[in-house]
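S.K.: next input, structure requested:
(one chain, ligands or ions: 1)
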Amino acid sequence: VTRDESTWEFEIRLLLETIFFRYKSDFREYSLSSVRRRLALALKKLGLDTISQLQDRLLSDTTSFDVVLQCLSVPTTEMFRDPPYFKSLRENVLPILATYPSVKIWIAGCSTGEEPFSMAIMLHEEGLLARSLIYATDINPISLRRAEAGLLRIEDIQKHTSNYQKAGGKASFSEYYSTTEKGSFLRQDLLERIAFADHSLSTDSVFAEVHLVSCRNVLIYFGRSLQNRVFDLFNDSLSPRGFLGIGSKETMRFSPAYSAFEEFDAANRVYRRRIA
Ligand SMILES: C[S@@+](CC[C@H](N)C(=O)[O-])C[C@H]1O[C@@H](n2cnc3c(N)ncnc32)[C@H](O)[C@@H]1O
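M.R.: Residues are numbered from 1 along each chain as shown. Okay, here's the model as predicted:
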């Protein structure tokens with residue numbers, strides 16, 4: 001066993017403690033194998049060779065944490081990602097939410113906003129937007145700032161458009177953004193219905209009662225005990241008979257909170273709270 005192989009786990013755990021105490025960001029319960037891959041990327045970006053070097057750097061140079069956070073938080077996203085999920089929400093969940101006087105939705109781990117943007121478009125097309133509020137939360141301040149501006153990457157628009165169509169979009173995707181010399185931006189009336197906030201699934205608690213939680217491609221980076229914490233948090237945040245949507249590679253089957261839910265659309269990972 002090389003030094004690297006026997007010590008990487010200790011070094012990473014120590015580094016995550018440092019990050020927690022120095023920067024208050026808690027990655028200690030994330031899946032170690034994914035943290036290891038993401039830190040390898042951070043080392044490369046910072047031109048460092050070892051986790052111990054990164055440890056020193058983080059203590060002396062706070063700007064290096066921006067690079068580490070960017071790597072550890074994995075901001076990859078796109079609009080109407082996994083179109084059948086959105087189609088299922090549109091066809092099966094929104095008609096139920098349409099019977100409520102107002103609709104509250106929480107997108108946890110919203111990254112640069114593409115998931116809440118998609119939700120706002122769908123609510124608009126189903127005639128629900130005016131009485132809906134979308135809470136969109138994340139731990140990455142760079143992503144949240146971009147999301148708040150409604151900025152879309154021009155190079156992603158083709159992908160967004162094709163996802164939108166596959167997800168059952170009823171209009172032309174180009175109706176929903178405008179392009180200026182500063183970039184492409186989501187329409188203001190859609191953006192207005194989204195409240196962006198800094199909230200950590202690792203350390204923060206319930207902040208509102210909602211009818212639908214959508215948390216996709218986030219839990220995949222967490223260890224089992226953190227996943228369990230988050231499922232309990234969602235259970236506590238949902239109204240009776242509320243909905244929970246998670247990512248295509250994620251399941252809640254192994255969590256204690258599973259018994260509080262029924263599988264509403266198992267293929268698309270949509271769960272519904274049972275009556276307690
Ligand atoms: C891969 S993106 C998923 C974005 C979007 N939900 C999607 O499916 O396209 C993962 C997001 O989870 C966020 N995240 C990671 N840990 C988090 C935590 N403890 N609390 C809240 N958000 C977190 C990251 O900052 C990142 O923006």
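S.K.: which residues of the stretch 51-200 of the chain fall in strands?
M.R.: Using DSSP state E, counting those that start in this stretch, the strands of the stretch 51-200 of the chain run over residues 103-108, 132-138, 151-152, 177-180, 183-186, 194-198.
S.K.: can you list those strands in a markdown table and add mean neighbour count?
M.R.: Quick note: C-beta positions are derived from backbone N, CA and C, even for glycine. Converted to a markdown table, the strands of the stretch 51-200 of the chain look like this (neighbours: other C-beta atoms under 10 Å):
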| stretch | mean neighbour count |
| --- | --- |
| strand 103-108 | 24 |
| strand 132-138 | 22 |
| strand 151-152 | 20 |
| strand 177-180 | 13 |
| strand 183-186 | 18 |
| strand 194-198 | 17 |
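S.K.: show me what from the stretch 151-276 of the chain comes close to the ligand.
M.R.: Contact residues (C-beta under 6 Å from any ligand atom) of the stretch 151-276 of the chain with the ligand: 200-202, 216-218.
S.K.: now, of the residues you listed, which are buried?
M.R.: 201-202, 216-218 (16 or more other C-beta atoms under 10 Å).
S.K.: quick check: the farthest pair among those?
M.R.: Comparing every pair within these by C-beta to C-beta identifies 202 and 216 as the most remote, at 17.1 Å.
S.K.: quickly note the distance from the closest residue to residue 122 other than its chain neighbours to the ligand.
M.R.: Excluding the flanking residues, the one nearest residue 122 by C-beta to C-beta, 6 or more residues apart in numbering is residue 90, at 5.5 Å. Computed as C-beta to the nearest ligand atom, to the nearest Å, the residue 90 to the ligand distance reads 17 Å.
S.K.: which residues does residue 90 contact?
M.R.: 122, 125-126, 167-168 (C-beta atoms under 8 Å, 6 or more residues apart in numbering).
S.K.: which pLDDT value goes with it?
M.R.: Residue 90 is assigned a predicted lDDT (pLDDT) of 98.
S.K.: re the thing from before, wait, which of the strands of the stretch 51-200 of the chain is closest to residue 54?
M.R.: When those are compared by C-beta to C-beta, strand 132-138 sits nearest residue 54, at 23.2 Å.
S.K.: which strands border that closest one, and is each parallel or antiparallel?
M.R.: When pairing is defined by DSSP bridges, strand 132-138 lines up against strand 103-108 (parallel), strand 194-198 (parallel).
S.K.: number of nearby residues for the spatially closest residue to residue 71 that is not a sequence neighbour?
M.R.: Spatially, and ignoring its direct neighbours in sequence, residue 71 is nearest to residue 42 (4.1 Å; C-beta to C-beta, 6+ apart). Residues within reach of residue 42, counting by other C-beta atoms under 10 Å, total 22.
S.K.: give the contact list for residue 100.
M.R.: Per C-beta under 8 Å, 6+ apart, neighbours of residue 100: residue 211.
S.K.: how close does residue 151 sit to residue 72?
M.R.: Going from residue 151 to residue 72 by C-beta to C-beta, to the nearest Å gives 22 Å.
S.K.: can you tell me which residues contact residue 264?
M.R.: Counted by C-beta under 8 Å, 6+ apart, residue 264 has contacts 92-93, 243, 270-272.
S.K.: report the two of these separated the most.
M.R.: With distances taken as C-beta to C-beta, the most widely separated pair in the contacts of residue 264 is 92 and 271, at 12.2 Å.
S.K.: surely the residue nearest to residue 71 meets residue 67?
M.R.: Yes: shown here, residue 42 and residue 67 form a contact pair, counting by C-beta atoms under 8 Å, at 5.8 Å.
S.K.: return the distance of the closest residue in space to residue 132 that isn't next to it in sequence relative to residue 264.
M.R.: Using C-beta to C-beta, 6+ apart and skipping residues adjacent in sequence, the residue nearest residue 132 is residue 103, 4.2 Å away. Counting by C-beta to C-beta, the gap between residue 103 and residue 264 amounts to 17 Å.
S.K.: pretty sure the residue nearest to residue 71 is in a helix, no?
M.R.: Yes: under DSSP: H, G, I helix; E, B strand; the rest coil, residue 42 sits within a helix.
S.K.: quick one: the lengthiest strand in the chain to strand 103-108, angle?
M.R.: If you go by DSSP state E, the chain has its longest strand at strand 238-246. Counting by axes from the mean of the first three to the mean of the last three C-alpha atoms, to 10 degrees, strand 238-246 lies at 50 degrees to strand 103-108.
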